[in-house]
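S.K.: predicted structure and sequence below. I'll ask about it afterward.
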Amino acid sequence: MSRQGTGVAPALTDCWTMTRRELAHWARRPVQVVVGLLFPVMLLLMFGYLVGGGRAVEGDYLTYLLPGMLVLSMTFGLESTMIAVTQDLNKGVIDRFRSMPMANGAVLVGRAVADMLQSLAALTVMLAVGLAVGWRAHGTFAGFLGALGLLLLLRFAMLWLGIHLAMVAGRPELVQTVQVLVWPFGFLSNAFATPGAMPSWLGAVVEWNPMSATATAVRDLFGAAGGPAGPAAEAETMGWAAEHAPLLAVLWPLALLVVFFPLAVRRFGALSR
C-alpha cells in the first residue's frame, strides 16, 4: 500500500503517534522501567563503595567513576528496545502499521524517541545520585550540557545499531545475547580504571573503545581534567586516542549512525516485500 500524507508535518505527526504508543507501554510495565533506571545506580554505588578504588586513579575515585558509569548507562537497556522491535515483528504489528497511511519509518523513529526519553531520565537519576553521594561537576554550564550531548549521541548511535540487529535477528531469544556482549564491551573501556594501569596491548584496545572516548571527553567537560582523577593523566601515558578523545567521542557515534541508520531504514522498508 502506498504511503499517504507525505511531507514534514504529517511525518512528524506519525512519529509522535508512535512515540506516544511506546510511552503508553511504560505505564503497563512500571517495574521494568524502574529497574532499568536503578540498575546503573546499583553499579555506581557498588563500584564506588564496595569494589571501588580504581587502579592507577589518584584522588577522588568518584570523580573518575561517575562519567564512566554514565557512559555504561547509555548501553544498558538496549536489549529491551531490541526485544520490543522483534516482538512487534513476530506479532505482525509492524506489518499492520505498514499497511496504514503513515510515514514509512515512523514506527522506528517513535521507538527511538521513546528510548531517548528514557535515556535522559536515566542520566537525570544517575546525576542526582552522584550529587547525593558527593560528586560535583567543576566545569562550565556549557561543558555540562556538552557532556550530556555526547552521552545522548552515543546512546542514539547504539540505539540504531540495536534496531538494525533486532530486525536482522528477528526473534527475541536471539536478542538476549546482546546484553551478554555489552558487559565485555563495557569492561574493556576506561569506565572503571585507566588504560595506563593495564598491560600495554590491553590498554591500547581500551583506549580505542568508543565508550572510552566518550567517558574521557565527559570527564574533561565535567571539569575533571584539571584534577588528579581526570583524563589529563591518561593523555600523558597513552597515545593519540586519549589526546583526541573529544573528537573521537563525536566521530565514533557519527560513524555508527552513518552505517546503521540507513541499514535499519532500508531493512524496515524491505520487510513486506
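M.R.: Here it is on my side, so go on.

S.K.: so after the helix or strand containing residue 153, what's the next helix or strand?
M.R.: Per DSSP states H and E: residue 153 is located in helix 141-169. Tracing the chain past helix 141-169, the next element assigned as helix or strand by DSSP H and E is helix 172-187.

S.K.: can you list contacts of that following helix?
M.R.: 72, 75-76, 78-79, 82-83, 86-87, 90, 162, 165-166, 169, 209, 211 (Cβ atoms under 8 Å, 6 or more residues apart in numbering). (Glycine included, C-beta is placed from N, CA and C.)

S.K.: can you tell me how far residue 93 sits from residue 115?
M.R.: 17 Å (Cβ to Cβ, to the nearest Å).

S.K.: any stretches of the stretch 1-150 of the chain with poor pLDDT?
M.R.: Scanning the stretch 1-150 of the chain for pLDDT under 70 picks out the ranges 1-7, 26, 32, 46, 48-59, 98-99, 101-104.

S.K.: got the buried residues for stretch 241-260?
M.R.: Under the neighbour-count criterion of 16 or more other Cβ atoms under 10 Å, stretch 241-260 has 241-243, 245-246, 248-250, 252-253, 256-257, 260 buried.

S.K.: before we move on, what about stretch 151-167?
M.R.: For stretch 151-167, by 16+ other Cβ under 10 Å, it's 151-167.

S.K.: hey, C-alpha coordinates of the helix or strand residue 95 falls within in CSV?
M.R.: Assessed by DSSP H and E, residue 95 sits inside helix 93-98. Taking Å, rounded to 0.1, in the frame of the first residue of the first chain, the C-alpha atoms of helix 93-98 are listed here in CSV:
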residue,chain,number,x,y,z
VAL,A,93,2.2,-5.3,14.5
ILE,A,94,4.7,-3.6,12.2
ASP,A,95,3.0,-5.2,9.1
ARG,A,96,-0.3,-3.7,10.3
PHE,A,97,1.4,-0.3,10.8
ARG,A,98,3.0,-0.5,7.3
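
S.K.: and that helix, what does it pack against?
M.R.: Counting contacts by 3 or more Cβ pairs under 8 Å, 6 or more residues apart in numbering; DSSP states H and E, helix 93-98 is packed against helix 106-132.

S.K.: show me what the helix it packs on is packed up against.
M.R.: For helix 106-132, the packing partners by 3+ Cβ pairs under 8 Å, 6+ apart come out as helix 8-28, helix 30-45, helix 61-73, helix 78-90, helix 93-98, helix 141-169, helix 245-269.

S.K.: farthest-separated two in the buried residues of stretch 241-260?
M.R.: Pairwise distances across those (Cβ to Cβ) peak at 27.6 Å, for the pair 243 and 260.

S.K.: hey, what's the angle from the helix holding residue 153 to helix 172-187? Just curious.
M.R.: Angle, helix 141-169 to helix 172-187, by axes from the mean of the first three to the mean of the last three Cα atoms, to 10 degrees: 140 degrees.
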